[in-house]
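A.B. asks: Just the structure for this:
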Amino acid sequence: MLADAERKVLRIVANYSAGRKRMPTLIELGRKTGKSQKKLLETLSELAK
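C.D. replies: As a prediction, the model looks like this:
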């Protein structure tokens, strides 16, 4: 089961890519989530696993 942060990032990535036909950058993800780039990289790493 996904943690809340992972689920939020996954939802943002899915919606963003569906609407804009590209993946969001770390800066864009940071704006949407309010998280630092370091925390986002950790979250994306967990999602990749």
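A.B. asks: where's the residue nearest in space to the middle of the chain relative to residue 39, distance?
C.D. replies: Using Cα atoms, centre = their mean, the residue of the chain that lies closest to the mean C-alpha position is residue 9, 3.1 Å off. Applying Cβ to Cβ, to the nearest Å, the value for residue 9 to residue 39 is 10 Å. Bear in mind the C-beta positions are built from the backbone N, C-alpha and C, glycine included.
A.B. asks: so what's the residue nearest to residue 8 when sequence neighbours are not counted up against?
C.D. replies: Among residues not flanking residue 8 along the chain, residue 33 sits closest, at 6.3 Å (Cβ to Cβ, 6 or more residues apart in numbering). Residues in contact with residue 33 (Cβ atoms under 8 Å, 6 or more residues apart in numbering) are 5, 8-9, 12, 40.
A.B. asks: Which secondary structure state is assigned to residue 2?
C.D. replies: At residue 2 the chain is in coil, as set by DSSP: H, G, I helix; E, B strand; the rest coil.
A.B. asks: and it, backbone torsions?
C.D. replies: For residue 2, the backbone dihedrals (degrees, to the nearest 10) come out as phi -80, psi 150.
A.B. asks: where in this protein is pLDDT low?
C.D. replies: For the chain, applying pLDDT under 70 flags no range at all.
A.B. asks: circling back to that earlier point, what about the residue nearest to the centre of the chain, distance to residue 20?
C.D. replies: In terms of Cβ to Cβ, residue 9 sits 16 Å off from residue 20.
A.B. asks: What subset of the contacts of residue 33 is buried?
C.D. replies: Buried subset of these (neighbour count, 16 or more other Cβ atoms under 10 Å): 5, 8-9, 40.
A.B. asks: And the contacts of whichever strand or helix holds residue 15?
C.D. replies: Applying DSSP states H and E as the criterion places residue 15 in helix 4-20. The contact list for helix 4-20 (Cβ under 8 Å, 6+ apart) reads 2, 22-24, 28-29, 32-33, 35, 39-40, 43-44, 46-47.
A.B. asks: Flag every buried residue along it.
C.D. replies: 5, 8-9, 13, 16.
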